[in-house]
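In: pasting the structure only:
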């Protein structure tokens, strides 16, 4: 029997401003006289959503902003009530829906630990036995008897995460909080999550915009789109589909010359990826050469400049960066038009869409120009490469040698 059942779940909200006193009175009069009333437009945050989750599954929920992810989790945590349909949860739930959710700001950190444990139905004796573990993990020993209202948002999340993941709840619901806090604490959170998943077999629902983390940690992924389930299945396939859809949107909106130049020294005229014979192309095959042609207008002479050209993913993971200081020093960039052609002889990136960036520094390494998303290009795959595991960034060839010893 599934530990969670969601059957025909629909949640509607009314759009628009609250009615004035006059509109309210007129609507009341219309109802009394059985006339049509002027109702505000209905918005379906969730639209006939159906799925079941079995005990021990780790389910990632992804989608664009406003897709209904957080609304869905609030129904699973019994924080919100559906307009239609039903949610059946068989077991105790430890929700960590947002910063500070479930934490009373007027109580101290220690008091909140006991409060949350009591809400989950955990005996006081058990909470006491876990108290030191929770406090130690939260790294809040010095502040544990201070009211939470004096905590920073990061401290509040540390406390909330420590409580939620230390209590013996059957289901853990987490919404975007893994991205809060310092990097060291994030690493601790990921380690704790993997322990809950791999060693304790907890049922976990995770909402995150960190798609790579979802693909790595989850056993199943649900992709929501405008309140409906667009895809439900293997995390690699669903996350790849989400990436592809987003990349298509990015490419359809892409324009050249986007930059963050702080002065009037350099202007981008054009930037494009080209073939070996100089023709403009929008894509290459993985492993082929990547040729980038940039035309710039130098408005003020730059003495001994350094030019850096690089590539990045559409979510700004920097992939490559090459400097003229390493390959070909430049004495000066005189006023006027200049053409830069940069080549990667072998570009082994996995299939997908990527952006081009460029930085220009003066002789004192002060930035003269900085630009990202200057243009986009696609990397294609062959039939053989399509069989490679999806969780990778590079298409690097390798050989196995296996022998019995």
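Out: That came in fine, so what should we check first? Since the model is a prediction, treat every value here as computed from it, not as a measurement.
In: Quick one: distance of the helix or strand of the chain with the lowest mean pLDDT to the chain centre.
Out: The helix or strand of the chain with the poorest confidence is helix 21-32; it has a mean of 72 (mean pLDDT, DSSP states H and E). Centroid separation for helix 21-32 versus its chain: 45 Å, with CA atoms, centre = their mean, to the nearest Å.
In: Please apply the same query to stretch 219-235.
Out: 15 Å.
In: repeat for stretch 373-382
Out: Centre to centre, stretch against its chain (CA atoms, centre = their mean), the figure for stretch 373-382 is 21 Å.
In: List of residues touching it?
Out: 247, 250-251, 254, 256-259, 268, 271-273, 281-286, 290, 294, 314, 347, 349-358 (CB atoms under 8 Å, 6 or more residues apart in numbering). The way it works is simple: take the backbone N, C-alpha and C, and place the C-beta from them, glycine included.
In: Return the subset of those residues lying in strands.
Out: Members of the contacts of stretch 373-382 lying in strands (criterion: DSSP state E): 268, 271-273, 281, 283-285, 290, 294, 352-358.
In: Quick one: mean pLDDT over stretch 125-143.
Out: Here stretch 125-143 scores 91 as its mean pLDDT.
In: repeat for stretch 268-275
Out: Predicted confidence along stretch 268-275 averages 90 (mean pLDDT).
In: now do stretch 149-166
Out: On average, stretch 149-166 scores 85.
In: Over to stretch 316-327?
Out: Throughout stretch 316-327, pLDDT has a mean value of 89.
In: Just the terminal-to-terminal distance for that stretch.
Out: Stretch 316-327 has an end-to-end distance of 25 Å (CA to CA, to the nearest Å).
In: which parts of it are buried?
Out: For stretch 316-327, burial by neighbour count (16 or more other CB atoms under 10 Å) applies to 320, 324.
In: if we look at that stretch, which residues are touching it?
Out: Under CB under 8 Å, 6+ apart, the answer for stretch 316-327 is 305-313, 330, 342, 344, 349, 354, 357, 372, 393.
In: Please apply the same query to stretch 269-280.
Out: Against stretch 269-280 from outside (CB under 8 Å, 6+ apart): 256-257, 281-284, 289-297, 337, 341, 356, 358, 374-375, 377.
In: Give me the PyMOL select line for the contacts of stretch 373-382, limited to the buried ones.
Out: Buried members of the contacts of stretch 373-382, defined by 16+ other CB under 10 Å, are picked up in PyMOL with:
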select buried, resi 247+254+256+259+268+271+272+273+284+286+290+294+314+347+349+350+351+352+353+354+355+356+357+358
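In: shaky segments in the stretch 1-150 of the chain?
Out: 15-22, 24, 37-41, 98-102 (pLDDT under 70).
In: What ranges does it have for its strands?
Out: 4-14, 42-53, 58-63, 84-89, 93-96 (DSSP state E, counting those that start in this stretch).
In: cool, and the stretch 201-350 of the chain?
Out: 203-207, 220-225, 228-233, 266-274, 280-281, 283-285, 290-298, 302-303, 306-313, 318-323, 332-333, 336-344.
In: highest average neighbour count across those strands?
Out: strand 203-207 (a mean of 24; mean count of other CB atoms under 10 Å).
In: what's the neighbour count on the residue lying closest to residue 182 once chain neighbours are set aside?
Out: Closest residue to residue 182 apart from its sequence neighbours, by CB to CB, 6 or more residues apart in numbering: residue 154 at 7.1 Å. By the measure other CB atoms under 10 Å, the count of residues near residue 154 is 13.
In: How is residue 154 assigned, secondary-structure-wise?
Out: Judged by DSSP: H, G, I helix; E, B strand; the rest coil, the three-state class of residue 154 is helix.
In: Please determine how far it is located from residue 58.
Out: To residue 58, residue 154 is 25 Å away according to CB to CB, to the nearest Å.
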